[in-house]
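1. mind folding the following:
(one chain, ligands or ions: 2)
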Amino acid sequence: MAATKTLLMLENFIGGKFLPSHSYIDSYDPSTGEVYCRVPNSGKEEIEAAVEAARAAFPGWSSRSPQERSQVLHRLADLLELSLEDLAQAESKDQGKTVTLARTMDIPRSVQNFRFFASSILHHTSECTQMDHLGCLHYTVRAPVGIAGLISPWNLPLYLLTWKIAPAIAAGNTVIAKPSEMTSVTAWMMCKLLDKAGVPPGVVNIVFGTGPRVGEALVSHPEVPLISFTGSQPTAERITQLSAPHCKKLSLELGGKNPAIIFEDANLEECVPTTVRSSFANQGEICLCTSRIFVQKSIYSDFLKRFVEATRMWKVGVPSDPSASMGALISKAHLEKVRSYIQKARAEGARVLCGEGVDKLDLPPRNQAGYFMLPTVITDIKDESCCMKEEIFGPVTCVVPFESEEEVIRRANSVKYGLAATVWSGNVGRVHRVAKKLQSGLVWTNCWLIRELNLPFGGMKSSGVGREGAKDSYEFFTEVKTITVKH
Ligand SMILES: NC(=O)C1=CN([C@@H]2O[C@H](COP(=O)(O)OP(=O)(O)OC[C@H]3O[C@@H](n4cnc5c(N)ncnc54)[C@H](O)[C@@H]3O)[C@@H](O)[C@H]2O)C=CC1
Ligand SMILES: N/C(=C\C=C\C(=O)O)C(=O)O
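-> Ligands and ions are numbered 1, 2, ... in the order given. Next up is the predicted model:
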């Protein structure tokens, strides 16, 4: 007799209580393609309950001092850290990424998000000016906005959710968060730690479900004056439309089509492995991943040979395999979408040098229905191709040659996105010059994804609106008031 599988059942977390739902959505293990979890399919009713809880908690939480709130955030960081291994295993199963990546990047960064904002909230200053001729002193004060609506995606589930929750509650807001319906488990696990950390009921509410149903109910709610969103550009457009009648504050962190520019004097010993990582880390499912590699003509063939060799070493394996660099993509639909880009490139006459359709995937029988694909390198492709223009958000990168600095800057800037770029050169003057001319919110030179959480993070053009970071998040999650004192 076949054994009945027990599915993990998630519950919403509202007003400090776990509440079951009327209906549920299936959630898949990307490494097997099997349903293993059921996520509440919430809607307006649950958002109403969460608003009520967040409204009730706001006066108490917002009137605590930053020092008191900071202590709570530190305790939560410590508790998350104690659960690091369980969270890493869960994140990997839910998302498809390797356990190693979840253990070394996702969960440590989630812990760091709470520690960082626990500390930075203690160090903000306000402005003060004097008008002696009128006998006036002016100064600013900042106050939390109220109930913050936070919507996060599936690629870095707990990492990006906590990047929003931590600054929002540090500043004294209460929050209603909606994680991606595809990766809700670690958010639900975190809810179990909130009470022990001293987070009062109603300060953090997590409501699970789909974007069109519960996401829109949250965005449209008149008592939620602020939305912080990370995800795709079409969803950002919808959120902007729904927010407009309420004049909500919006922070939108969207996609990228990020260039790597590699000059002939680059140190290829460092550049090649870092560019493999920047192209394929987390299955290429990070908005900061490189997907267009421009290489100066004089080193083009040498770079390409080394890059393809190094890509072939980027092992795809089951997420628990410690030797795997890459796990499974998030969903069947996403895998098909990513593959369709490779088919389009082939149809246009581009060459696929390694990966999809060229090399063979080696997976155990249990994982044959998982959403795996090999890291893929495309070349001989035109800048106008959709693979060079659109965000693929998978393990696919294009390599093309360039001749001059002016030319590569123009080509790198010729897409609608402007999130992140990398520049590789041993010439400091050139590095500065190129970095200044790139239309990109972030430029890493001779490195990738080294994050300084104090400084602004975010994109220009279609990559987003607003910035996040110590000062930027504080300003976003607070309202400023100017006070004039006549003396
Ligand atoms: N940070 C980034 O740059 C990310 C970019 N993407 C891009 O978006 C593509 C599609 O991925 P999706 O998961 O479908 O992204 P998405 O933008 O639809 O989802 C992100 C979050 O928004 C929610 N959402 C969706 N529709 C909504 C609506 N109408 N109102 C309120 N919330 C809504 C989702 O439930 C999820 O929590 C990816 O292939 C990738 O290209 C996806 C995730 C992250
Ligand atoms: N927003 C994303 C990545 C952010 C990384 C960071 O803050 O370090 C994304 O992939 O959507």
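
2. name the residue of the stretch 251-400 of the chain that lies nearest to ligand 2.
-> Evaluated by Cβ to the nearest ligand atom, the stretch 251-400 of the chain has residue 287 as its residue closest to ligand 2, separated by 3.5 Å. Every C-beta, even on glycine, is put in place using the N, C-alpha and C of the backbone.

3. how about the strands in the stretch 351-487 of the chain?
-> Listed in chain order, the strands of the stretch 351-487 of the chain (DSSP state E, counting those that start in this stretch) span 351-354, 376-379, 396-402, 417-418, 420-424, 442-445, 460-461, 464-465, 478-486.

4. contacts for the last one?
-> Surrounding strand 478-486, the residues in contact under the criterion Cβ atoms under 8 Å, 6 or more residues apart in numbering are 134-145, 171-172.

5. same check, this time on the third one
-> For strand 396-402, contacts defined as Cβ under 8 Å, 6+ apart pick out 261, 279-280, 284, 290-297, 300, 303-304, 307, 338, 341-342, 345, 350, 355-356, 375-379, 381, 383, 385, 387-388, 408, 411.

6. quick one, which of those are buried?
-> If you count burial by 16 or more other Cβ atoms under 10 Å, the buried members of the contacts of strand 396-402 come out as 261, 279-280, 284, 290-296, 300, 303-304, 307, 338, 341-342, 345, 350, 355-356, 375-379, 381, 385, 387-388, 408, 411.

7. list the contacts of residue 59.
-> Contact analysis of residue 59 by Cβ under 8 Å, 6+ apart lists nothing.

8. that one belongs to a helix?
-> Yes: Residue 59 forms part of a helix when assessed by DSSP: H, G, I helix; E, B strand; the rest coil.

9. picking that back up, for the strands of the stretch 351-487 of the chain, state which one has the densest average packing.
-> With neighbours defined as mean count of other Cβ atoms under 10 Å, those peak in mean count at strand 420-424, which reaches a mean of 27.

10. is ligand 2 within reach of that one?
-> No: using Cβ under 6 Å from any ligand atom, we find that strand 420-424 stays clear of ligand 2, coming within 9.0 Å at best.

11. so which elements touch that strand?
-> strand 258-262, helix 268-280, helix 428-437, strand 442-445 (3 or more Cβ pairs under 8 Å, 6 or more residues apart in numbering; DSSP states H and E).

12. any idea how far the closest residue to residue 401 other than its chain neighbours lies from residue 399?
-> The shortest distance from residue 401 to any non-neighbouring residue, by Cβ to Cβ, 6 or more residues apart in numbering, is to residue 300 (4.3 Å). Using Cβ to Cβ, to the nearest Å, we find residue 300 at a distance of 8 Å from residue 399.

13. same thing with residue 19?
-> Distance from residue 19 to residue 399, by Cβ to Cβ: 51 Å.

14. quick check: phi and psi on the residue of the stretch 1-150 of the chain found nearest ligand 2?
-> Distances between the stretch 1-150 of the chain and ligand 2 by Cβ to the nearest ligand atom are smallest at residue 109, namely 6.9 Å. Main-chain dihedrals, residue 109, degrees, to the nearest 10: phi -70, psi -30.
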